[in-house]
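Enquirer: Here you go, sequence then predicted model.
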Amino acid sequence: MQSRLSVAVIALAVAASAAAQETVKIGVVQPLTGPVAYDGNIYVNTVKMLVDDMNAKGGVLGKKIELVVEDGACNPAQSVNAAEKLVTRDKVVALLGAFCSTSSAAMMEVARKHKVPHLTAISTAAQLTEQNNPYFFRAVATTPMLGAAFGGELPAAVKGKRFAFLVINDDWGRSMVSSYPKPIEHAGGQIVGTEFFQSSDLQFLPYITKIKAANPDAIILAANTQHAVALSKQIRELGITKPLIGEGSWTSDSYLKLAGPAAEGVYGLVEYVYTIKNPINAAFVKMSREKLKDNPSKFAGAAHNAIHIMVDAIRRAGAADPEKIRAALTKTDYHGLVGNIRFNEKNQAYGQDVYLARVTHGVPEVVKTAKIAKP
Amino acid sequence: MLDLAIFGQHLLNGVLIGCAYALIAIGLTMIFGVMNIANFAHGEFYMMGGFAAFYLVTLLKLNYFIALPLAVVLVVVLAVAIQQIVFKRLRDAPVMTTTLVTIGLSILLEHVALLLWGPQPQVIPNPFPTRPLSFFGIYTTPLYLFSMAVTAALIVVGHLLIQRTRMGKAMRATFQNREAAALVGVRIDRVYLYAFTFGAALAAAAGAVLGGFIPVEPTMGGVATLKAFVVVILGGMGSFVGAIAGGLLLGLAEALGAGYFSTGWKDAIGFFAVILLLLFRPEGLFKRA
């Protein structure tokens, strides 16, 4: 009796420890508070939804996937602490995230130190993939790559030659101004004005009036929701009816809702838009509308890419081992939401589609698709 | 070549923004002049005026023209509470203490707004047609004209209140000499309450009116406070007329400076002016009221 009981206890203990190992832990660091909390939450909710779906279909390597989410608040120090905690305490085998490039840059050093693969699908600062960090991967095109893919198409798309820039005064806006003109000029266009606005600005009348004086055929902008709403309204209010072409949140539901009629006819240069036509996207949009009651934004698209690429690598690695997953990531050849994604020798993604979408009756319709060339 | 339509557009932009600066700065300069408080939470009243109007229009489905004054009333209620609970106790505290309290208050109000209403910007729906109006190539919208008219009207009303009413007289007396005013029977606590709530009301009105084209979001108060301080220093601390002139001056300087010099220096222009002024004419462009 005694021995039978102890056998049962041991069996139970073994089963329990086996169950504890039955999950593959993936750590996520995103801003859940702070200025970009809205978009960070979209990313996290989307990843959770997709992981639930994967687990319902059997998980990966015969185990369930377990997400451990931490708030990085778009703050480098907090993101580093979050990543440290995920790796050392939760023992995650892979890291997803950081939204803001500065946070990703800080976080990737934690990944390097603990030799854990780290994938971002949002941070676009070009220098992130120039750090010779073999553990860091980026599954999104940088602004220069978008510029190279689309700059040459713009004169034909808007049937104009004269372009003016009105962009935010940071890495992003500045890299746009340095990378778009060359392909635009190559395609017969010219740049007639460049203005930088501050992130604290919400009234842009002086900038817009100055741009108006240069009489462009189209205005190229870099802005996220809050600025994009004010910009598009104020540009129309000063009587400029020329096309607007924007990188950033120009096709997101929140922008379209807030900008209303001022969003009509706006062009968005985006990595993902929910109206693209392929079976993977159709299923994704359906699931998002059912579970999250919203059309997926570009950050939801980024979440879709990130989790699928990581789980695909874990599957090919054949073990929940960070070093094997890293090796598998370098050989990624993923066919998903936005086409084919591979990584170059610097772990920068290429081969995926990017889109020029035009807002028609409040819906962003794809008018042109381009492929990101191998950098 | 000077394009007249573009020049006129810059002028109009400058006046529009200048009126808004003036409206926010009047409250700040009054609170400083009468109560001797450098109120760093002033911009938060501007922000809350915007949010109050937004929720009155969207949640309660109130008429836009009813929601605007009602939003001001809501912010006034809050201002009365803050004055009675916080600043009344600090009446005799040194300036440094009250300044630190206003900084704390500013951080508190901003983060409460972030918690309650989230970080996403909101635009107050309004009944005005969005189609721009054009006069000789200068563009504006009915909403811009409306906000210019409202800010101008409020400035005039504020001026009359201070110059023509008993309470205005009491405020001016307190401003000149608090002890002497108290000696002749002016009720200082009440004067303080009126000055503080009147200032908050003007800031809230600016937030509610401008929220139709400048998105309302929790962090907008900080920049507004800074600009208002520039205006107040330009016009002379405590000067009502100075705040109006300083507001218009800053609005025009920013618009024309951005238009004909460089947009990159837009925000620096005001601060350069302040540094020069403090060096050469520290009492401000206008003598104290």
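Expert: Arrived safely, thanks for sending.
Enquirer: Can you name the residues of the stretch 1-150 of chain B that neighbour chain A?
Expert: B:3, B:6, B:9-10, B:13, B:16-17, B:118-123, B:130, B:132, B:134, B:139-141, B:143-144 (CB under 8 Å from any CB of the partner chain). For every residue, glycine as well, the C-beta is placed using N, CA and C.
Enquirer: What are the buried residues along whichever strand or helix holds residue B:116?
Expert: Assigned by DSSP states H and E, residue B:116 belongs to helix B:95-117. Of all the residues in helix B:95-117, those buried under the rule 16 or more other CB atoms under 10 Å in any protein chain shown are B:98, B:101, B:102, B:105, B:106, B:109, B:110, B:113, B:114, B:117.
Enquirer: just how off-centre is it within its chain?
Expert: Remark: helix B:95-117 is offset 17 Å from the chain centroid, using CA atoms, centre = their mean, to the nearest Å.
Enquirer: I'd like to know which elements it is packed against.
Expert: Helices and strands touching helix B:95-117, as assessed by 3 or more CB pairs under 8 Å, 6 or more residues apart in numbering or on different chains; DSSP states H and E, comprise helix B:42-58, helix B:220-235.
Enquirer: and the angle for that helix with helix B:42-58?
Expert: Interaxial angle, helix B:95-117 versus helix B:42-58 (axes from the mean of the first three to the mean of the last three CA atoms, to 10 degrees): 20 degrees.
Enquirer: what pairs with whichever helix or strand comes after helix B:95-117, and is each one parallel or antiparallel?
Expert: Using DSSP H and E, the helix or strand that follows helix B:95-117 towards the C-terminus is strand B:133-135. In the sheet, strand B:133-135 lines up against strand B:138-140 (antiparallel) (DSSP bridges).
Enquirer: near chain B, which residues of the stretch 151-300 of chain A show up?
Expert: Checking the stretch 151-300 of chain A against chain B by CB under 8 Å from any CB, the hits are A:169, A:195-198, A:200, A:202-203, A:205-207, A:209-210, A:212-213, A:225-226, A:229-230, A:233-234, A:236-239, A:254, A:258, A:260-262.
Enquirer: Are any of these buried, and if so which?
Expert: Counted by 16+ other CB under 10 Å, these give A:169, A:195-197, A:202-203, A:205-207, A:209-210, A:212-213, A:225-226, A:229-230, A:233-234, A:236-239, A:254, A:258, A:262 as buried.
Enquirer: Tell me the bridge partners for residue A:342.
Expert: Applying DSSP bridges, one finds that residue A:342 bridges with residue A:333, residue A:350.
Enquirer: so where's the chain uncertain?
Expert: Looking at chain A here, since you left the chain open. Applying pLDDT under 70 to chain A flags residues A:1-21, A:35.
Enquirer: Actually, chain B is the one I wanted.
Expert: B:1-2, B:287-289.
Enquirer: Show me the helices in it, by range?
Expert: Along chain B, counting by DSSP state H, helices occupy B:4-35, B:42-58, B:64-82, B:95-117, B:142-164, B:166-176, B:178-183, B:188-210, B:220-235, B:240-260, B:266-280.
Enquirer: Quick one: closest of those to residue A:78.
Expert: helix B:95-117 (16.2 Å; CB to CB).
Enquirer: Need the contact partners of that closest one.
Expert: Applying CB atoms under 8 Å, 6 or more residues apart in numbering or on different chains, the external contacts of helix B:95-117 come out as B:36-44, B:47-48, B:51, B:82, B:86-87, B:90, B:218-219, B:221-222, B:225.
Enquirer: Could you do stretch B:164-171 as well?
Expert: With CB under 8 Å, 6+ apart, stretch B:164-171 has contacts from B:30, B:34, B:161, B:162, B:181, B:186, B:187, B:190, B:191, B:194, B:195.
Enquirer: From those, list the buried ones, please.
Expert: Looks like the contacts of stretch B:164-171 have B:30, B:34, B:162, B:181, B:186, B:191, B:194, B:195 buried, using 16+ other CB under 10 Å.
Enquirer: okay, those in JSON lines with distance to residue B:234 next?
Expert: What follows is the buried ones among the contacts of stretch B:164-171, written out as JSON lines (distance: CB to CB, whole Å):
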{"residue": "B:30", "distance to residue B:234": "16"}
{"residue": "B:34", "distance to residue B:234": "19"}
{"residue": "B:162", "distance to residue B:234": "19"}
{"residue": "B:181", "distance to residue B:234": "27"}
{"residue": "B:186", "distance to residue B:234": "29"}
{"residue": "B:191", "distance to residue B:234": "26"}
{"residue": "B:194", "distance to residue B:234": "25"}
{"residue": "B:195", "distance to residue B:234": "21"}
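Enquirer: now, which of those sits nearest chain A?
Expert: For the buried ones among the contacts of stretch B:164-171, the minimum distance to chain A (CB to the nearest CB) is 24.3 Å, reached by residue B:30.
Enquirer: what's the span of stretch B:53-71, first residue to last?
Expert: Distance across stretch B:53-71, first residue to last, is 5 Å (CA to CA, to the nearest Å).
Enquirer: List the contacts of the residue nearest to residue A:244 when sequence neighbours are not counted.
Expert: Counting by CB to CB, 6 or more residues apart in numbering or on different chains, residue A:244 lies nearest to residue A:266, which is 4.9 Å off, once chain neighbours are set aside. Residue A:266 is in contact with A:232, A:243, A:244, A:245, A:246, A:250, A:259, A:358, A:359, counting by CB under 8 Å, 6+ apart.
Enquirer: Narrow the residues you listed to those in helices?
Expert: Going by DSSP H, the helices hold A:232, A:259 from the contacts of residue A:266.
Enquirer: Among the contacts of residue A:266, which lie within strands?
Expert: If you go by DSSP state E, the contacts of residue A:266 have A:244, A:245, A:246, A:358, A:359 in strands.
Enquirer: element containing the nearest residue to the fourth one once chain neighbours are set aside?
Expert: Nearest residue to residue A:358, sequence neighbours excluded (CB to CB, 6+ apart): residue A:367, at 4.9 Å. Element membership for residue A:367 (DSSP H and E) is strand A:363-371.
Enquirer: show me the residues around the nearest residue to residue B:286 once chain neighbours are set aside that make contact.
Expert: Excluding its sequence neighbours, the residue lying closest to residue B:286 (CB to CB, 6+ apart) is residue B:242, at 3.7 Å. The contact partners of residue B:242, by CB under 8 Å, 6+ apart, come to B:29, B:232, B:234, B:235, B:236, B:284, B:285, B:286, B:289.
Enquirer: Show the backbone phi and psi for the closest residue to residue A:49 other than its chain neighbours.
Expert: Leaving out its chain neighbours, the residue that sits closest to residue A:49 by CB to CB, 6+ apart is residue A:291, at 5.0 Å. Note on residue A:291: backbone dihedrals following degrees, to the nearest 10 are phi -90, psi -40.
Enquirer: hang on, isn't residue A:291 packed against residue A:50?
Expert: No. Counting by CB atoms under 8 Å, residue A:50 is not a contact partner of residue A:291; they are 9.7 Å apart.
Enquirer: Quick check: residues of the stretch 151-289 of chain B near chain A?
Expert: Residues of the stretch 151-289 of chain B lying near chain A (CB under 8 Å from any CB): B:213-215, B:217, B:219-220, B:222-223, B:254-255, B:258-259, B:263-264, B:266-267.
Enquirer: ok, and the most crowded of those residues?
Expert: Sorting these by how many neighbours each has (other CB atoms under 10 Å in any protein chain shown) puts residue B:254 first, at 28 neighbours.
Enquirer: So the closest residue to that residue other than its chain neighbours versus residue B:23, what's the distance?
Expert: With CB to CB, 6+ apart as the criterion, residue B:254 has its nearest non-adjacent residue at 5.3 Å, and that residue is residue B:266. Going from residue B:266 to residue B:23 by CB to CB, to the nearest Å gives 20 Å.
Enquirer: cool, residue A:31 as well?
Expert: 34 Å.
Enquirer: same deal with residue B:239?
Expert: 15 Å.
Enquirer: cool, residue A:255 as well?
Expert: 29 Å.
Enquirer: Next: residue B:164.
Expert: 19 Å.
Enquirer: okay, these two: which has more neighbours?
Expert: Between residue B:164 and residue B:23, counted using other CB under 10 Å, the more crowded position is residue B:23 (28 against 9).
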